[in-house]
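In: here is my input, please return the structure:
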Amino acid sequence: MKVTIFLLSLLLVVPASFSGSEQASPLKGVPQFTADPKWPMLPDGFTWGQVIGIFADSRGHVWTSSRGRISEWDPQGKQVQSWDARGPDGKWNTIHGLFVDHNGFVWTNARESNLTVKFTRTGQVALVIGKFDQTGGSNDTTLMGRPSEIWVDPADNEVFVADGYGNRRIIVFDGATGKYLRHWGAYGRRPEDPPPSSTSSTSSTGSTGSTGSTGSTGSTNEAVPAAPPTQFRVPHGIIGSRDGLIYLADRANNRIQVFRQNGEFVREKILRPRCGAQEKATWAPKRPCGNEATFSLGFSHDGPQTYIYSADGGSHFINVIRRIDLEVVSEFGGPGVGVGQLGRPHNLTVDPSGNIYVGEAQGPEVKNAAGATVEAGFRAQKFTFTGVK
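Out: As a prediction, this is how the structure comes out:
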């Protein structure tokens, strides 16, 4: 994590499109986007399942995970390749999260099999972290707990994993060997798991409540919490900034927490109060309540990464957040099946030109243009960066 190594590495891995003055300079306004109805161009016979992994690499190619297959799409939206990511015997379950690192390796998780996996670009298994179908809790250093998303530091090849749906931590490994390096929980402290008798409401698809989220689901008898939760609750999205910070989407706690790479806590932002008692808490923001208000994070493509984009999978919006103070300054989307509408935005990514790509999981029931009731989600969309306002 040396600063000199970090800066040198950025020069090696930042795509050519970043070298222009427009991309290197700070954005002078709030980023604007328009949905692209022509992306992607689906091959004959191709159908989406839940899209639970998406990543744009340095070439502007977009990678998706759906139905256990990882697909690569070129910048025009044409499929380049697709391969089965369910392991040598086809038993790895729920291929979740995607990251293509500076060496061209493709990282993902077999979430329900408790594995973090590194593939070659053409789908050969290069490294497996964890043991199939085994988990040991949030302080076990060899086993995973339903991991979610991954970020790899180009400076030193450290792999940061949001772990996840079962565990309550960020865990870091050496990207070449898989050696355990460190881990931490909320506020940079040692994570604490609930007693074994406790049961989680998180389902196999990752929902911790209704798929729509603006209605109240809290108990009327629930005590008003004096402070935000002390433990992560589905640490889901993770990304590292150019200035050496780690941003974690603490999904079911509706917050983003920021850390230094050694686990030192920097700050947090509650994006919405959870519906129920939190709405009365003095520390909660004065925004409409919601559940699962941040699933996945991406940065604006300018040099200082002025903005963060956050997938609000509970309310079905993309939030535009000013990074310096984590204030929400804009949003787009909204529940639906039309172009630009969203159904449970689950993962997002930003390409070198600043375009946002969103993977949608199982969304809510909505009315389509013909007035019929349909289920939103189950697709990937491109939102083209059109400038600032």
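In: please count neighbours and contacts with C-alpha atoms only from this point.
Out: Noted.
In: can I assume Gln76 is in contact with Trp39?
Out: Yes - Gln76 sits in contact with Trp39 when judged by Cα atoms under 8 Å, with a separation of 7.1 Å.
In: so for these two, which sits in the more crowded spot?
Out: It is Trp39, of Gln76 and Trp39, that has more neighbours when counted by other Cα atoms under 10 Å, with 17 against 13.
In: do you know how far the residue lying closest to the more buried one once chain neighbours are set aside is from Val128?
Out: Once flanking residues are discounted, Trp39 sits nearest to Gly77: 5.2 Å by Cα to Cα, 6 or more residues apart in numbering. Between Gly77 and Val128 the distance is 30 Å, computed by Cα to Cα, to the nearest Å.
In: what does Gly336 give?
Out: 38 Å.
In: comparing the two, which shows the higher neighbour count?
Out: Using other Cα under 10 Å as the criterion, Gly336 and Val128 rank with Gly336 on top: 23 against 17.
In: just the pLDDT for that one.
Out: You'll see Gly336 listed with a pLDDT of 96.
In: and for Ser203?
Out: We have a pLDDT of 43 for Ser203.
In: 9 is where my numbering starts, stick with that
Out: Renumbered: residue one is now 9, and that last one reads Ser211.
In: show me what contacts the residue nearest the centre of the chain?
Out: Centroid-nearest residue in the chain: Ser304, 2.6 Å away (criterion: Cα atoms, centre = their mean). Ser304 makes contacts with 244-246, 257, 318-319, 354-356, as judged by Cα atoms under 8 Å, 6 or more residues apart in numbering.
In: how about Arg129?
Out: If you count contacts by Cα under 8 Å, 6+ apart, Arg129 has them with 112-114.
In: which of the residues you listed tops the neighbour count?
Out: Val114 (24 neighbours).
In: returning to that earlier point: what is the neighbour count of the residue nearest to Trp47?
Out: 16.
In: roughly how far does it sit from Asp333?
Out: The spacing between Gly85 and Asp333, counted by Cα to Cα, is 35 Å.
In: and Ile178, by the same measure?
Out: Separation of Ile178 from Asp333 (Cα to Cα): 22 Å.
In: between these two, tell me which one has more neighbours.
Out: Neighbours were counted for Ile178 and for Asp333 using other Cα under 10 Å; Ile178 has more, 27 against 11.
In: quick one, what contacts the nearest residue to the more buried one once chain neighbours are set aside?
Out: Nearest non-adjacent residue to Ile178, counting by Cα to Cα, 6+ apart: Ala170, 4.9 Å away. Ala170 sits next to 155-158, 177-179, 243-246, 256 when contact means Cα under 8 Å, 6+ apart.
In: what about the helix or strand containing Ala170, average pLDDT?
Out: Ala170 is part of strand 166-171, with elements assigned from DSSP states H and E. Taken as a whole, strand 166-171 has an average pLDDT of 98.
In: then it to PDB, C-alphas only?
Out: Written as PDB, here are the backbone C-alpha positions of strand 166-171 (Å, rounded to 0.1, in the frame of the first residue of the first chain):
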ATOM      1  CA  GLU A 166      -4.600  -7.300  -2.400                       C
ATOM      2  CA  VAL A 167      -8.100  -8.700  -2.700                       C
ATOM      3  CA  PHE A 168     -10.800  -7.100  -0.600                       C
ATOM      4  CA  VAL A 169     -14.000  -9.200  -0.200                       C
ATOM      5  CA  ALA A 170     -17.400  -8.100   1.200                       C
ATOM      6  CA  ASP A 171     -18.200 -11.300   3.200                       C
END
